[in-house]
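[1] missing the sequence, but the structure's below:
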């Protein structure tokens with residue numbers, strides 16, 4: 001069981017619950033390695049995937065997690081719904097809940113939308129990314145991947161590099177990693193790093209070579225052009241020159257470093273293809289751990305209730 005009914009953000013989220021999710025995720029990771037990758041933990045539970053933004057990894061990962069747990073899954077697409085006919089967000093949510101659902105997994109371009117949803121329905125709400133606010137399940141799978149690789153999180157030097165300002169992944173990772181005792185340094189163009197971010201318990205260093213030398217692991221973020229105005233970076237070429245995780249830079253690192261990326265990647269911009277495909281990269285491990293960690297979250301929010 002988790003202390004909170006919903007998973008909306010990792011800001012002020014209990015450390016014990018984060019560790020519980022990660023530990024349970026490793027149990028489900030073993031399930032994914034079996035020939036039959038299914039358990040009856042959420043049999044009879046109905047979930048709706050309510051996505052108002054495009055998604056590949058998160059949507060497929062949640063749907064697979066639900067099916068691996070034997071839940072009934074319904075996928076909602078805003079582009080083909082009655083929202084296009086003028087129906088309100090509130091009416092859409094309440095009509096869906098009237099069909100006796102147990103939980104909603106929601107992605108929305110507006111920060112705070114999943115929290116807003118909890119005002120209208122009694123079902124469990126899980127935030128699958130809300131604008132530039134947070135992406136808690138991504139941070140949990142990232143932390144699971146770090147624990148899998150190193151055996152621990154506390155004391156790790158973790159760098160988050162790229163467009164911090166527009167990244168919900170960065171925010172959730174900052175909250176989660178600081179809570180779990182990691183040392184976090186942010187790096188990116190000064191106009192893409194929030195001014196007050198050091199108040200969250202992290203450091204900022206604009207020298208990418210120093211950051212690479214310091215870090216045990218680097219979580220590389222893409223430039224989110226769809227969320228930013230024109231002119232925040234001179235060009236992709238200039239960005240790669242100043243902040244790109246290139247093969248040349250990684251080869252200068254004296255000790256091994258772990259490379260992460262939440263996807264989608266812009267190869268040749270924030271990260272070289274050779275780095276992304278190297279043995280140091282755990283990017284595809286993150287994807288698999290995404291299914292396991294979301295199975296864990298769904299089970300702890302919904303399955304344990306069935307057993308009480």
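    Here it is on my side, so go on. For clarity, every value in this text was computed on a predicted model and none was experimentally measured.

[2] so where is the chain shaky, pLDDT-wise?
    79-80, 225-232, 234, 304-308 (pLDDT under 70).

[3] hmm, who's touching the helix ranked longest in it?
    Longest helix in the chain, counting residues (DSSP state H): helix 15-32. For helix 15-32, the external contacting residues (C-beta atoms under 8 Å, 6 or more residues apart in numbering) are 2-4, 10, 37-39, 68, 140-141, 143-144, 147-148, 176, 179-180, 288-289, 291-293, 295-297, 299-300. In short, each C-beta sits where N, CA and C put it, glycine included.

[4] filter those residues down to just the ones in helices.
    68, 140-141, 143-144, 147-148, 176, 179, 288-289, 291-293, 295-297.

[5] of the contacts of helix 15-32, buried ones?
    Buried subset of the contacts of helix 15-32 (neighbour count, 16 or more other C-beta atoms under 10 Å): 2, 10, 39, 68, 140-141, 143-144, 147-148, 176, 179-180, 288-289, 291-293, 295-297, 299-300.

[6] the helix or strand encompassing residue 66 packs against which elements?
    Assigned by DSSP states H and E, residue 66 falls within helix 57-68. When contacts are defined as 3 or more C-beta pairs under 8 Å, 6 or more residues apart in numbering; DSSP states H and E, helix 57-68 packs onto helix 15-32, strand 46-51, strand 72-77, strand 103-108, strand 124-130, helix 136-150, helix 283-298.

[7] how far away is residue 114 from residue 191?
    Going from residue 114 to residue 191 by C-beta to C-beta, to the nearest Å gives 28 Å.

[8] okay, those two: which has more neighbours?
    More crowded of residue 114 and residue 191, by other C-beta atoms under 10 Å: residue 114, with 27 against 10.

[9] so what's the nearest residue to that one once chain neighbours are set aside up against?
    Distance criterion C-beta to C-beta, 6 or more residues apart in numbering; nearest residue to residue 114, sequence neighbours excluded, is residue 127 at 4.2 Å. By C-beta under 8 Å, 6+ apart, the residues touching residue 127 are 6-9, 106, 114, 134-137.

[10] for residue 243, state which of these is nearest.
    residue 135 (21.2 Å; C-beta to C-beta).

[11] for that closest one, give me phi and psi.
    For residue 135, the backbone dihedrals (degrees, to the nearest 10) come out as phi -140, psi 70.
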